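J.: Output the structure for:
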Amino acid sequence: MPQTKRTAEAKGAAQASEPMPATREFFDRLGHQETAPLLRQISGTVRFDLADDERVDSWFVTLNKGKAELTRENREADCVLRTDGVIFEAMARGEVNPMAAMLRSQVMVLGDLRLLILIERMMPGPPGSHDPRVFAKRERTEQ
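T.: Residues are numbered from 1 along each chain as shown. Predicted coordinates:
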């Protein structure tokens, strides 16, 4: 049976596209030691569905008491975040706050919102901002 254009497009959409730089960096950081303290007390799964034109790329994160495992697959999850790839790129650069984006309907969240709140804490702050804990520690040592 000849392959139709729609079938070819559907197969192409199933393949993951190359993520934008800040998006790639965000997901790369998830599994590293620096993020583990924020995740120590939780376990669950989060799927990020990032839309780009007619394609949706899925990132599946399994959180297990301080460890995060990342795969590129579309599976059921405890929390699903759906947004445009450009919006997520801005979130990963710290230019867009995930909760504010959700309130503006730029991000849709299904399931356990607590997991999104923890993920949000791992995202960078606005450009030029600093971590208040680092700032406070530096202030104490300079006194």
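
J.: Would you agree Ala51 falls within a helix?
T.: No - counting by DSSP: H, G, I helix; E, B strand; the rest coil, Ala51 is not part of a helix but strand.

J.: quick one, what contacts it?
T.: Counting by Cβ atoms under 8 Å, 6 or more residues apart in numbering, Ala51 makes contact with Arg82, Thr83, Asp84, Gly85. Where you see a C-beta, it was placed from the backbone N, CA and C, and this is true even at glycine.

J.: Closest to Arg55 out of those residues?
T.: Nearest to Arg55, judged by Cβ to Cβ, of the contacts of Ala51 is Gly85 at 8.7 Å.

J.: how about the strands in this protein?
T.: With strands called from DSSP state E, the chain shows them at 43-52, 55-64, 67-71, 79-84, 107-111.

J.: so what does the fourth one touch, helix or strand wise?
T.: Meaning strand 79-84. Applying 3 or more Cβ pairs under 8 Å, 6 or more residues apart in numbering; DSSP states H and E, we find strand 79-84 packed against strand 43-52, strand 107-111, helix 113-122.
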